[in-house]
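Student: I need the structure of the sequence given here:
(chains A and B)
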Amino acid sequence: MEPLSPRARDALAAYRREHALDPDLHERLVERLATRLALTEPAIEEPAGPPAQPASLSSRLAVWATSGSAALGMLGLLIWLAPTQPPMHTRSASPSPAALAPPASGIVSPAPPSPATARAEEAKSAKSAAIAPTVQKRAGSSRASWQDGQASAGAAPPRAGQAAAHAQGSPSAAPRVSAAEQSREQQAKPPSARARVGGAQPAPEQRPPARAPLPAELDEAERGAEPAAADDGAFAATELGKPREPAKSQGSLDEEVLLLRRAQELSTSGEPLRALAALAEYGRRFPRGKLTEMAEVQRLLASCDLGRVEAARSGALRFLGRYPGSSYAARVRRICAARP
Amino acid sequence: MTTAPRTHARVASGHARDALGRELTALFDEHASFVWRVLERLGVASSESEDALQEVFVIVAQKLPEYEERGAMRAWLFTIARQVASRARRSLVRRERRERVEVGCELGDDPHRALERSEAARFVQGFLAELDERQSAVFYLAEIEGLTAPEIATCLGVGLNTVYGRLRLARERFERALRQKGGR
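Tutor: Now for the predicted structure:
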């Protein structure tokens, strides 16, 4: 297979880099994860004493194990080794996701219980709840599931198993299908000086009683939400890989984001008329807004929700003409698809 | 076993890293971005993605002592991420109106995120959205995440030849789309 062109690799690298986890968020999530696991797993807590209320026998064993009680630790090990739930049964009775999961091998180190074995105990007791495999169902979104039909239900197909064996057996010999591997994580971190606006979320609002929209309101909302400025959405080849200009006016951008979030929330909570009003306000206040394209998509969706199918579809055509390279193009083409 | 990302300042979370242990911390550092992108591609809304990422690694922490197939780590993470994403989507579906979800028009992009992306990244995103879903998945895992063909076959439950076939088609389309874009 021919390698990708340098331009293609650059574009993919830009995507990889800009969709990576922000370094600050990464660190915050490390802390969150530690806190969460400390709450659910006494075994990895600081050795400052047992938790206030161990939830189960396994939790108590974990605490005893970390406090250095060898006799109780051995008891814990014996209980843990008891075949309460043969791992292979879990594997064979599970749909494909479980078959892809690692085998729950009973072979462990004969060392006294450690935090690791305590975690295993926890994992066993929580297995059915934590990772109970569920048969994949498409939730409706086109990107919702990548599972092929042949693997979507029942046991995993033999070929998947073979491939897994191949992958584990000789990872170094596995044929590489992409050059992206080499630069994958080195490039994956975005610059920390990215234009990130404060994460303030608008407070949820009380919903007013539902009522039918008045034509005058609709017209006003439609007129006001029409964007006054449009970016043609195209980009020159030389722009590949360059990040966008950071926002010049942070305050204004904050307001744009807040208004659009509000419209989005209203729309998803079944209040398209109020969403349109918020979008109309957006159009008035930010005729050359940086998020005009997204606002336009929201307006089309809200129009569809209101039953204005023809207006939404003709608006979709205008949108596609105005933003031919839009990342929302696929969604806009499907607008009102479920309507007659 | 793994090398941590070099750009991370870890002063603030040193305590958290100690609490998590070396193995789990190394896994998180190496694969968090991978899981983050996969969750996004699997349709987890931006408002849910932090919780979903955490959920994935909670499960990893619980299952890690039993995990022995080290060569297929990303395939394993992908499997867990898919289960978590499935749950996250179902909870989102409960909150959203039925029709919107059916036609797949939900606005998954946070305004912040959309604004931050370069034109090139948006082009790739648009391409992935336009592409046939099966090709898109293979192309994404191979070219964005750098998974090997056997790993992709494991993730998606298809044969190796299928992976190569879809990847070849998707690559051709990507190059063609880039040429068309650049020619305008």
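Student: Pass me the low-pLDDT residue ranges in chain B, would you?
Tutor: Low-confidence segments of chain B (pLDDT under 70): B:1-13, B:68-71, B:91-117, B:183-184.
Student: what do you get for chain A?
Tutor: For chain A, the ranges with pLDDT under 70 are A:39-251, A:327, A:338-340.
Student: now do 80
Tutor: Along chain A, the model assigns pLDDT under 80 to residues A:1-2, A:35-254, A:265, A:268-269, A:290, A:324-331, A:333-340.
Student: Which segments of chain B make up each domain?
Tutor: B:1-110, B:117-184 (automatic domain parsing).
Student: of all those, which lies closest to chain A?
Tutor: Chain A lies closest, by CB to the nearest CB, to one member of these: domain B:117-184, at 2.5 Å. Placement of C-beta: from N, CA and C, glycine included.
Student: In stretch B:21-37, which residues are buried?
Tutor: Judged by neighbour count using 16 or more other CB atoms under 10 Å in any protein chain shown, the buried positions of stretch B:21-37 are B:21, B:24-37.
Student: I meant stretch A:312-320, not that one.
Tutor: The neighbour-count criterion (16+ other CB under 10 Å) identifies A:312-313, A:315-316, A:319 as the buried residues of stretch A:312-320.
Student: how far does the helix or strand residue B:137 falls within sit from the chain's center?
Tutor: In this structure, residue B:137 sits in helix B:133-139 according to DSSP states H and E. Here helix B:133-139 shows a centroid-to-chain-centroid distance of 13 Å under the convention CA atoms, centre = their mean, to the nearest Å.
Student: what do you get for stretch B:38-56?
Tutor: Offset of stretch B:38-56 from its chain centre (CA atoms, centre = their mean): 9 Å.
Student: buried stuff in it?
Tutor: In stretch B:38-56, counting by 16+ other CB under 10 Å, buried: B:38-46, B:48-50, B:52-56.
Student: Please apply the same query to stretch B:127-135.
Tutor: Of the residues in stretch B:127-135, those scored as buried under the neighbour-count criterion (16+ other CB under 10 Å) are B:127-129, B:131, B:134-135.
Student: now swap in stretch A:284-297 and tell me
Tutor: Of the residues in stretch A:284-297, A:286, A:289-297 count as buried by neighbour count, 16+ other CB under 10 Å.
Student: re the thing from before, output the buried residues of stretch B:127-135 in a markdown table, with distance to chain A appended to each entry.
Tutor: Written out in a markdown table, the entries for these read as follows (distance: CB to the nearest CB, whole Å):
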| residue | distance to chain A |
| --- | --- |
| B:127 | 9 |
| B:128 | 8 |
| B:129 | 4 |
| B:131 | 9 |
| B:134 | 7 |
| B:135 | 11 |
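Student: Quick check: the two most widely separated of these?
Tutor: Pairwise distances across the buried residues of stretch B:127-135 peak at 14.8 Å for B:127 and B:134 (criterion: CB to CB).
Student: I figured residue A:10 hits residue B:120, correct?
Tutor: Yes - contact between residue A:10 and residue B:120 holds when scored by CB atoms under 8 Å: they sit 6.8 Å apart.
Student: Please identify which of the two sits among more neighbours.
Tutor: Neighbour count, other CB atoms under 10 Å in any protein chain shown: between residue A:10 and residue B:120, residue B:120 has more, with 26 against 17.
Student: Just the element for that one, please.
Tutor: When secondary structure is defined using DSSP H and E, the element that contains residue B:120 is helix B:119-130.
Student: CA-only coordinates of that helix in CSV, if you can.
Tutor: These are the backbone C-alpha positions of helix B:119-130, laid out as CSV (Å, rounded to 0.1, in the frame of the first residue of the first chain):
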residue,chain,number,x,y,z
GLU,B,119,-9.0,24.3,9.1
ALA,B,120,-6.9,21.2,8.5
ALA,B,121,-8.3,19.4,11.5
ARG,B,122,-11.8,20.4,10.5
PHE,B,123,-11.3,19.1,7.1
VAL,B,124,-10.3,15.7,8.5
GLN,B,125,-13.3,15.8,10.7
GLY,B,126,-15.6,16.6,7.8
PHE,B,127,-14.0,13.8,5.7
LEU,B,128,-14.5,11.3,8.5
ALA,B,129,-18.1,12.3,8.8
GLU,B,130,-18.7,12.0,5.1
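Student: which strands and helices sit next to that helix?
Tutor: helix A:6-18, helix A:329-333, helix B:133-139, helix B:160-183 (3 or more CB pairs under 8 Å, 6 or more residues apart in numbering or on different chains; DSSP states H and E).
Student: Go ahead and flag the most central residue of chain B.
Tutor: Within chain B, one residue has its C-alpha closest to the average C-alpha position: by CA atoms, centre = their mean, that is residue B:38, at 1.1 Å.
Student: Enumerate every residue touching the nearest residue to that residue once chain neighbours are set aside.
Tutor: Counting by CB to CB, 6 or more residues apart in numbering or on different chains, residue B:38 lies nearest to residue B:81, which is 4.8 Å off, once chain neighbours are set aside. Residue B:81 makes contacts with B:35, B:38-39, B:42, B:52, B:56, as judged by CB atoms under 8 Å, 6 or more residues apart in numbering or on different chains.
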